[in-house]
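S.K.: Fold the following, please.
(2 chains)
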There are 2 protein chains.
Amino acid sequence: MENRQIVVAELPKDELTSDHFAMRGVPMPVPGPGEVLLRTVLMSIDAANRSWMKGATYREAVNAGDPMPTYAVCEVVQSNSPKLNKGDLVAAESIWADYATCPAHKAQKLPDVRPVSNLLSVYGIAGKTAFHGLIGVGRPIAGETVLVSAAAGSVGGYVGQIAKALGCRVVGIAGGAEKCAWAVETLGFDACVDYRDPKMFKALKAACPDGVDVYFDNVGGTILETALFLMNERGRIVCCGAISQYDTAAPTGPRNLPGLVVVKRLRMEGFIVMDFADRDAMALRALRTWVESGRIKVFEDIVEGLENAPEALIGLLAGDNKGKRMVRVGPDP
Amino acid sequence: MENRQIVVAELPKDELTSDHFAMRGVPMPVPGPGEVLLRTVLMSIDAANRSWMKGATYREAVNAGDPMPTYAVCEVVQSNSPKLNKGDLVAAESIWADYATCPAHKAQKLPDVRPVSNLLSVYGIAGKTAFHGLIGVGRPIAGETVLVSAAAGSVGGYVGQIAKALGCRVVGIAGGAEKCAWAVETLGFDACVDYRDPKMFKALKAACPDGVDVYFDNVGGTILETALFLMNERGRIVCCGAISQYDTAAPTGPRNLPGLVVVKRLRMEGFIVMDFADRDAMALRALRTWVESGRIKVFEDIVEGLENAPEALIGLLAGDNKGKRMVRVGPDP
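M.R.: From the prediction side, this is the model:
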């Protein structure tokens, strides 16, 4: 059996390129006591991966020479623990590799959902992040206007569809006319504005005639600054990510902060999907209900082959995905 | 009877100077039906006054030629309304003037507290802002660390004293060694750091060995940016003002926003003291309890004479006050 790993050859100073990664052949790892050997099926590609390279966040920093960490869906191929059996499908904090080992207690057994990719998209990190951020932090109610950036991204597409299911007016922000049209025509957004449009502010204002009650922020930076001007009093800003800030050495801050937060009595609140683990069952039931009734459509952007993981991440940071991006390393079990 | 007004001669583009104001003699105003004639006793001087000159906020913008608006404590000298009587002491949104008129329903009758100045300090806008922001928005609990900027200012001094009364560790940020010493020795802060110290970050870190749970932000800008690095997970930032941003044409934004808000799951929330009017009675009872038991000391910074109001505001923006600044226009009734 062959095994390959992709390591971080060098930490990026600003823009991430394929030169920052290197693939190497490594021996098949041998699980120790209490560990399992995992075959990687699908790896989740997320903007947060880039932020891990900037230093410690909610997890340890990634250093040069380390295998690139990833959240992945894997099959257990050997188990030295009574907790898991050969053939189990698990989610784990793993690495960019064909095979890896992991303490059994750190791998989470997954339900038997097909296709397995749904466990990374609507029933996985993307759907759960959208659900918990919107429902748990933003708390919109029917009739309110919900604005979401990275609207064609993995999380943004579900945020908009959930908000529509709740009866909100939903406005997206995405890069390029094609993505904007897709958000409106396919995902059912009421409007979607291209952030590359020099008249973005005017277009957003027209798309939000009653202002914005909840802004689900995936990007930070100047788009956050723009959204602040459109917020209604008592508006809520769900701080989910800052993708515009990850791939640069010189991030800029919103100049109207905290001024507008005071004047408009805004609430800005950050969250990580794991914070809401105790409400995952509720989230999954709601998401399944909406998927089965056709209120939520599932879109996945699957890149084939471990060797293409660096380009999959670099492309994601440049916004070339529609829906949840993942890399298929091996077939569904 | 003489009457004088101070008008905004010209709107400031950046730093406010006395040239932006002009005093003029005007006729004694005559109250219309339903109006009262007010004699100004004390005018509240607040950093927010400066922000009113930057455009519409939570109130209408101030324009060149307008009398300078102010929150004031006044005596009713003539009433054309059954709601108020001659001799009543009221709080009103008024103007920088000896006398002014006001619709009776917009003037709020005040309790008989002496000295009257306490109605602008601990039992007025300063004490209530500190109470509602800290208790209603920040929600600290005994054992937590509370950091407050503009610690020697009207609001900051009460924030720190209330937090001490709740059993918190209290660290202030103020301008200059003398103010810092005053906050510690007189107000009872555990520590106070000079923001002019080039090693401010190091000093703050040493003063907050367990990190910061609640940051009461009166200033915004680079101090907010610094505080964000010290926040603990699930920390709360009370957005009360952005005094560092008011007197400049080119405000800067905290570059670590929203990144750290996401990673640390912070909540940033703005408020205006009027939002909590329904809890004012509770606030006043608590403040009185603490004042009477000696837990809270009252400090006031009273500038004598209407003609000195421009310098009182300009000086406040430069940080030359200790405690609540106000201008005495006439004697207590």
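
S.K.: Name the residues that touch the helix or strand bottoming out on mean pLDDT in chain A?
M.R.: Using mean pLDDT, DSSP states H and E, helix A:243-246 stands out as the lowest-scoring helix or strand of chain A, at a mean of 80. For helix A:243-246, the surrounding residues in contact (C-beta atoms under 8 Å, 6 or more residues apart in numbering or on different chains) are A:47, A:50-51, A:54, A:150, A:218-223, A:251, A:317, B:259. Just so you know, the C-beta spots here come from the backbone N, C-alpha and C atoms, and that holds for glycine as well.

S.K.: Does the closest residue to chain B within chain A belong to a helix, a strand or coil?
M.R.: Proximity of chain A to chain B (C-beta to the nearest C-beta) peaks at A:Gly253, 2.7 Å away. Following DSSP: H, G, I helix; E, B strand; the rest coil, A:Gly253 is assigned to coil.

S.K.: who's in contact with it?
M.R.: By C-beta under 8 Å, 6+ apart, the neighbours of A:Gly253 are B:Glu225, B:Thr252, B:Gly253, B:Pro254, B:Arg255, B:Asn256, B:Leu257.

S.K.: ok, now A:Tyr58?
M.R.: Residues near A:Tyr58 by C-beta under 8 Å, 6+ apart: A:Ile272, A:Met274, B:Val263.

S.K.: how about 10 Å then?
M.R.: Applying C-beta atoms under 10 Å, 6 or more residues apart in numbering or on different chains to A:Tyr58 gives the contacts A:Ala48, A:Ser51, A:Trp52, A:Gly270, A:Ile272, A:Met274, A:Asp275, B:Glu233, B:Val262, B:Val263, B:Lys264, B:Arg265.

S.K.: and what of A:Leu284?
M.R.: Contacts for A:Leu284 (C-beta under 10 Å, 6+ apart) come out as A:Pro111, A:Val113, A:Val122, A:Tyr123, A:Gly124, A:Gly127, A:Lys128, A:Phe131.

S.K.: And for the fifth one, the neighbour number?
M.R.: Here the count is done by other C-beta atoms under 10 Å in any protein chain shown, and A:Gly124 has 26 residues near it.

S.K.: Tell me the spacing between it and A:Met326.
M.R.: Distance, A:Gly124 to A:Met326, by C-beta to C-beta, to the nearest Å: 9 Å.

S.K.: again, but for the fourth one
M.R.: A:Tyr123 is 13 Å from A:Met326, where distance means C-beta to C-beta.

S.K.: okay, these two: which has more neighbours?
M.R.: A count of neighbours by other C-beta under 10 Å puts A:Met326 above the other of A:Tyr123 and A:Met326, at 32 against 21.

S.K.: And the helices in chain A, which stretches?
M.R.: Here chain A has its helices, by DSSP state H, at A:47-52, A:125-131, A:154-165, A:177-185, A:200-207, A:221-230, A:243-246, A:259-263, A:280-292, A:309-317.

S.K.: Name the residues linked to the residue nearest to A:Gly65 when sequence neighbours are not counted by a beta bridge.
M.R.: Nearest residue to A:Gly65, sequence neighbours excluded (C-beta to C-beta, 6 or more residues apart in numbering or on different chains): A:Val7, at 6.2 Å. Assessed by DSSP bridges, A:Val7 has beta-bridge partners A:Ala22, A:Pro67.

S.K.: follow-up on the earlier one: which of the contacts of A:Gly253 lies closest to B:Ala191?
M.R.: Ranked by distance to B:Ala191 (C-beta to C-beta), the contacts of A:Gly253 are led by B:Glu225 at 20.0 Å.

S.K.: got a list of what that closest one touches?
M.R.: B:Glu225 neighbours (C-beta under 10 Å, 6+ apart): A:Gly253, B:Thr252, B:Gly253, B:Pro254, B:Arg255, B:Asn256, B:Leu257, B:Leu260.

S.K.: who touches the fifth one in this structure?
M.R.: Which is B:Arg255. Applying C-beta under 10 Å, 6+ apart, one finds that B:Arg255 lies in contact with A:Gly221, A:Gln245, A:Ala250, A:Pro251, A:Thr252, A:Gly253, A:Pro254, B:Thr222, B:Glu225, B:Leu228.

S.K.: Next, it: phi, psi?
M.R.: The phi/psi pair for B:Arg255 (degrees, to the nearest 10) reads phi -70, psi -20.

S.K.: What sits closest to A:Gly176 if chain neighbours are left out?
M.R.: The shortest distance from A:Gly176 to any residue other than its chain neighbours is 6.0 Å, reached at A:Asp194 (C-beta to C-beta, 6+ apart).

S.K.: OK, contacts around A:Pro254?
M.R.: Taking C-beta under 10 Å, 6+ apart, we find A:Pro254 in contact with A:220-229, A:260-261, B:253-255, B:257-258.

S.K.: 8 Å instead?
M.R.: By C-beta under 8 Å, 6+ apart, A:Pro254 lies in contact with A:Gly220, A:Gly221, A:Thr222, A:Leu224, A:Glu225, A:Leu228, B:Gly253, B:Leu257.

S.K.: Taking those residues together, which two end up most distant?
M.R.: Based on C-beta to C-beta, the longest span within these runs between A:Thr222 and B:Leu257 and measures 12.5 Å.

S.K.: And those two? Which one has more around it.
M.R.: Each of A:Thr222 and B:Leu257 has its neighbours counted (other C-beta under 10 Å); B:Leu257 has more, 29 against 15.

S.K.: Now the more buried one: closest residue in space, sequence neighbours ignored.
M.R.: Closest to B:Leu257 by C-beta to C-beta, 6+ apart is A:Gly253, at 5.3 Å.

S.K.: picking up where we left off before, check pLDDT for the contacts of helix A:243-246 and point me to the minimum.
M.R.: Lowest in pLDDT among these is A:Pro251, which has 79.

S.K.: So that one sits against A:Val219, correct?
M.R.: No: A:Pro251 is not in contact with A:Val219 according to C-beta atoms under 8 Å; the separation is 11.4 Å.

S.K.: which neighbours do the two share?
M.R.: Going by C-beta under 8 Å, 6+ apart, residues that sit against A:Pro251 and also against A:Val219 are A:Ala242, A:Ser244.

S.K.: So which of these two has more stuff around it?
M.R.: Per other C-beta under 10 Å, whichever of A:Pro251 and A:Val219 has more neighbours is A:Val219, with 26 against 18.

S.K.: can you tell me which residues contact the residue nearest to A:Gln5 when sequence neighbours are not counted?
M.R.: Distances taken as C-beta to C-beta, 6+ apart place A:Ala97 nearest to A:Gln5, at 4.3 Å, with adjacent residues excluded. Residues in contact with A:Ala97 (C-beta under 8 Å, 6+ apart) are A:Asn3, A:Arg4, A:Gln5, A:Ile6, A:Val26, A:Thr40, A:Pro67, A:Leu306.

S.K.: What about the second one, how many residues nearby?
M.R.: The burial count assigned to A:Arg4 is 15, neighbours taken as other C-beta under 10 Å.

S.K.: That one touches A:Val329, doesn't it?
M.R.: No: the pair A:Arg4 / A:Val329 is not scored as a contact, 9.2 Å apart, by C-beta under 8 Å.

S.K.: hey, what's in contact with both of the two?
M.R.: Shared contacts of A:Arg4 and A:Val329 (C-beta under 8 Å, 6+ apart): A:Asp98, A:Leu306.
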